[in-house]
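Novice: Task: produce atomic coordinates for the following.
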Amino acid sequence: MKKKIAIIMGGYSNEYEISLQSGKVVYDFLNKDKFDLYKIHIFKEKWVYVDNTDTEHPVDRSDFSIRIDGDKVNFDCVFNAIHGTPGEDGLMQAYFQLLNVPQTSCGFYQAALTFNKRDLLSVLKPYGIKSAASYYLNKGDSIDEDAIIEKVQLPCFVKANKSGSSYGISKVYKKEDLQQAIDVAYKEDDEIIIEACLTGTEVSVGVLKLDGKTTVLPITEITTENDFFDYEAKYEGKSQEITPARLSQAQEKNVRYWAKTIYDILKMSGFSRSEFIFIKDEPYLLEVNTTPGLTTNSILPQQAAAAGIDLPSLFENAINEALN
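Specialist: Numbers count the residues shown, from 1 in each chain. Here you go, the predicted model:
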């Protein structure tokens, strides 16, 4: 009997459109001879199953079930394709754990921790994982521009602490532009992280459980025509993603080691994609994504293809890992 798989997509953040694209790719590529697939849209105003005629059927949130022609459908597993809240910050993970429904991403604690850039870097620092000098602000804090610049220097990056897809991020060259960048970040989150600008090769490293074993995928080097890897660079063709990355033997060894170490230290499951910048041979961690983009052009699927893993196999493995 085929397993019933709910593919959740959408979400409550500005990343919902990208999530809908990821979810559709998962739906299109998963083997329908093995699985019964259901597209579930998760929005603040509604949770609905969207059938092949685009008719919406409400989700019963008490047990995450739906009804089709009067018959109740419960799911064997949930494939999480939500970027941002509530799919990447631990809320959906905790919900499904309470319902005892397997899901393909990491646990609720790991999701909440990795979604919070400040907390993640603080937890990993004692393990020897390097990161840029940083300064933290919460909404309502007084802003001491001189203290910020003394800590991180210029240029620097001002980022929303809990946001993805480069929403709420600015690169600041002059003191007089700092306040505007802070205002932009506060539109996305009430917490901010301001980081020193690291100059070096930027890479993205996918890690997942493959047949029960922590596996590091081929590394992607990111170059961009823009000033940094912003939203336009990520999604509007203003960047080049080179897989495998053009790294020295030492660089590749170091970044593979740290990406796997982070995954294992945090007791991760499902997909992760860690971003690093090299200073000489040493990788400095920027962030960890736990529901990375899954479109055909996204980085992690590119890395899987370079490893000889096609999308149907990649997605099926995620379901099997969750069920096991």
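Novice: When you work out contacts or count neighbours from here on, use the C-alpha atoms and nothing else.
Specialist: Fine.
Novice: would you put the C-alpha positions of stretch 289-297 in PDB?
Specialist: This file holds the C-alpha atoms of stretch 289-297, laid out as PDB (Å, rounded to 0.1, in the frame of the first residue of the first chain):
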ATOM      1  CA  ASN A 289      19.700  26.500   6.500                       C
ATOM      2  CA  THR A 290      17.600  23.500   7.400                       C
ATOM      3  CA  THR A 291      14.900  23.700   4.700                       C
ATOM      4  CA  PRO A 292      17.000  24.900   1.700                       C
ATOM      5  CA  GLY A 293      15.600  25.600  -1.700                       C
ATOM      6  CA  LEU A 294      14.600  22.500  -3.700                       C
ATOM      7  CA  THR A 295      13.900  23.900  -7.100                       C
ATOM      8  CA  THR A 296      15.700  22.500 -10.100                       C
ATOM      9  CA  ASN A 297      18.000  25.500 -10.000                       C
END
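Novice: So which bits of that stretch are buried?
Specialist: By 16 or more other CA atoms under 10 Å, the buried positions in stretch 289-297 come out as 289, 290, 291, 292, 293, 294, 295.
Novice: In this model residue 22 seems to touch the fifth one, though I could be wrong.
Specialist: Yes - taking contacts as CA atoms under 8 Å, residue 293 lies within contact range of residue 22: 6.0 Å.
Novice: which neighbours do the two share?
Specialist: By CA atoms under 8 Å, 6 or more residues apart in numbering, residue 293 and residue 22 have these common neighbours: residue 81.
Novice: before we move on, the earlier item: which among the buried residues of stretch 289-297 gets closest to residue 138?
Specialist: Closest to residue 138 out of these is residue 289 (22.2 Å), distances taken as CA to CA.
Novice: ok, now which ones touch residue 8?
Specialist: If a contact means CA under 8 Å, 6+ apart, then residue 8 has 23, 39, 40, 41, 42, 78, 79, 80, 81, 82 as its contacts.
Novice: cutoff 6 Å now
Specialist: Residue 8 sits next to 40, 41, 80, 81 when contact means CA atoms under 6 Å, 6 or more residues apart in numbering.
Novice: Quick check: closest non-adjacent residue to it.
Specialist: What sits nearest to residue 8 in space, not counting adjacent residues and going by CA to CA, 6 or more residues apart in numbering, is residue 40, at 4.8 Å.
Novice: can you pull out the helices in the stretch 51-200 of the chain?
Specialist: Ranges of helices in the stretch 51-200 of the chain, per DSSP state H, counting those that start in this stretch, are 91-99, 108-115, 117-124, 145-152, 178-186.
Novice: Residue 219 is in contact with residue 242, isn't it?
Specialist: No - Residue 219 is not in contact with residue 242 according to CA atoms under 6 Å; the separation is 8.4 Å.
Novice: So for the two, which sits in the more crowded spot?
Specialist: Ranked by neighbour count (other CA atoms under 10 Å), residue 219 and residue 242 place residue 219 first, with 27 against 16.
Novice: How much space separates that one from residue 206?
Specialist: 7 Å (CA to CA, to the nearest Å).
Novice: still on that earlier bit, give me the subset of the buried residues of stretch 289-297 that lies in helices.
Specialist: Of the buried residues of stretch 289-297, none are assigned to helices by DSSP state H.
Novice: Once you drop chain neighbours, what's closest to residue 63?
Specialist: Residue 63 sits nearest to residue 99 (CA to CA, 6+ apart), 6.5 Å away.
Novice: what number of residues lie near the one you found?
Specialist: Residue 99: 12 neighbours (other CA under 10 Å).
Novice: for residue 245, same thing?
Specialist: The burial count for residue 245: 18, using other CA under 10 Å.
Novice: who's in contact with it?
Specialist: 219, 220, 221.
Novice: Just list the residues touching residue 319, thanks.
Specialist: Per CA under 6 Å, 6+ apart, neighbours of residue 319: residue 104.
Novice: any idea how far it lies from residue 81?
Specialist: Counting by CA to CA - residue 319 and residue 81 are separated by 12 Å.
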